[in-house]
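# From the sequence below, what's the structure:
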Amino acid sequence: MQLVEKIRKKQVRVCVMGLGYAGLPLALEFVRAGYRVVGLDTDCRRVRDLRAAKSHTGDVSPKSLSAGLSTDRLEFTCDDRVIAEVDAVSICVPTPLGKTREPDLSFIQSAVESIGRRRRRGQLYVLESTSYPGTTEEIVLPVLSEGGWNVGEDFYLAFSPERLDPGNERFGTRNIPKVVGGVTPVCAECACALYEGAVERIVRVTSPRVAEMVKLLENTFRSVNIALVNEVAKMCHALGLDVWEVIEAAKTKPFGFMPFYPGPGLGGHCIPVDSVYLSWKARQAGFEAMLIELADEVNNSMPQFVVELTARALNATGRALVGARILLAGVTYKADVSDIRESPALDVWIGLERLGAVVSYSDPHVTEIDALPIRACSQPISPGSLREYDCVIVLVNHESLDTKLIHAHANCIVDTRNAFRDFRQNGRLFRL
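Numbers count the residues shown, from 1 in each chain. Prediction:
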């Protein structure tokens, strides 16, 4: 067909809507593949920075951004009129949870409304934003079908979930297999042709609903297994066992076991959110996802468990939590990224302050936090400054965060991570 032929000849212009952690790397891969690409974002300040090769995501370096711009096949805009000028649109907008922990599809709805105003016949639209099974056909398709337009004839629609792992230097957009599900076989053919130029392997499934479910299963699998090991961590703490030693020994079994590790809670754009999307959709169908709900409850309890450990640690040193000066070491949701979305560190912070503690933080990747009700700047650490805190809580082991210095000079430590579990010093040390 004509569009597939144009795609394979690299004669198409592609629009990537949403230039965050998923959209920006995808736009660059499309450029490397030989397509002409326009990145569209509602944040005009972000667009200005990108035009100046200033990257806002750690997985895209200014050098790679400059390389893309130097091809003259990459541009950025905040004007949605460009949608009418392209052949394919990839939607990579956020899908957070609302205040009541229900899916917030407002970003998808806004993007689709923009497309509806600017669309033209013959275009391909691919939703990449993670959402519950049915989103593509229940939310996107009706808008694009207005005016009697027929999917698979007047336009083409598919779902292909982003599967990125921020900070992962081994796997990125190009070498992570791309799952693609089209509303019709022709839609799938168009979407597969588009991604074949930019991604090493395409995994075609029978429908958008299957592709949507694939992404949720992947991250729900992680959520449930993390909940299990978090509960085991609490259990080992009660039994006086070192959970890290237990995991290290268990993973020597060459079959039937996959190691997961405990922590202060779940964070980031996917794992704490995706399982909630899935259980919410299941309830709409009259099915209670009991295991998923329980896993969510266990994981959400971990920040409070860290607060309780801190209170016990301070009591052991003869100090009350009320009025205690606490330093959080690392506040991002995972190591070596700058992302604090859904970070459990913020819940630990709020929990400590509610009980009267005075909280500060140190994180080489986050110079300041402006996330209500928290506004603060990262504090430098040194042997002298560490001794001024009653307790230091190690939440993330950034490579550039000197955890050994903390263990050597802090008065009291609550360590929720594994990197220095065998380190010994004179102060009191509590671990999950």
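# Contact partners for residue 87?
Applying CB atoms under 8 Å, 6 or more residues apart in numbering to residue 87 gives the contacts 3, 6-7, 12-14, 122-124. From N, CA and C alone the C-beta is placed, and that goes for glycine too.
# Now which of the residues you listed would you call buried?
Among the contacts of residue 87, those scoring as buried are 3, 6-7, 12-14, 123-124 (criterion: 16 or more other CB atoms under 10 Å).
# before we move on, the earlier item: farthest-apart pair in the contacts of residue 87, please.
Checked with CB to CB, the contacts of residue 87 reach their widest spread between 14 and 122, with 13.9 Å between them.
# Now tabulate the buried ones among the contacts of residue 87 in CSV and tack on secondary structure.
Putting the buried ones among the contacts of residue 87 into CSV (DSSP: H, G, I helix; E, B strand; the rest coil) gives the following:
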residue, secondary structure
3, helix
6, helix
7, helix
12, coil
13, strand
14, strand
123, coil
124, strand
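# I'd like the residues you listed laid out as JSON lines, including distance to residue 117 and pLDDT.
Listed next are these as JSON lines, based on distance: CB to CB, whole Å; pLDDT from 0 to 100:
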{"residue": "3", "distance to residue 117": "21", "pLDDT": "96"}
{"residue": "6", "distance to residue 117": "24", "pLDDT": "96"}
{"residue": "7", "distance to residue 117": "24", "pLDDT": "96"}
{"residue": "12", "distance to residue 117": "21", "pLDDT": "97"}
{"residue": "13", "distance to residue 117": "18", "pLDDT": "98"}
{"residue": "14", "distance to residue 117": "19", "pLDDT": "98"}
{"residue": "123", "distance to residue 117": "13", "pLDDT": "98"}
{"residue": "124", "distance to residue 117": "18", "pLDDT": "98"}
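# now the residues you listed in JSON lines, with distance to residue 356?
As requested, the buried ones among the contacts of residue 87 are arranged in JSON lines below (distance: CB to CB, whole Å):
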{"residue": "3", "distance to residue 356": "63"}
{"residue": "6", "distance to residue 356": "65"}
{"residue": "7", "distance to residue 356": "61"}
{"residue": "12", "distance to residue 356": "60"}
{"residue": "13", "distance to residue 356": "58"}
{"residue": "14", "distance to residue 356": "54"}
{"residue": "123", "distance to residue 356": "58"}
{"residue": "124", "distance to residue 356": "57"}
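# Which one of those residues is nearest to residue 309?
Of the buried ones among the contacts of residue 87, the one sitting nearest to residue 309 (CB to CB) turns out to be residue 14, at 49.4 Å.
# so that closest one makes contact with residue 194?
Yes - assessed by CB atoms under 8 Å, residue 14 is found in contact with residue 194 at 7.2 Å.
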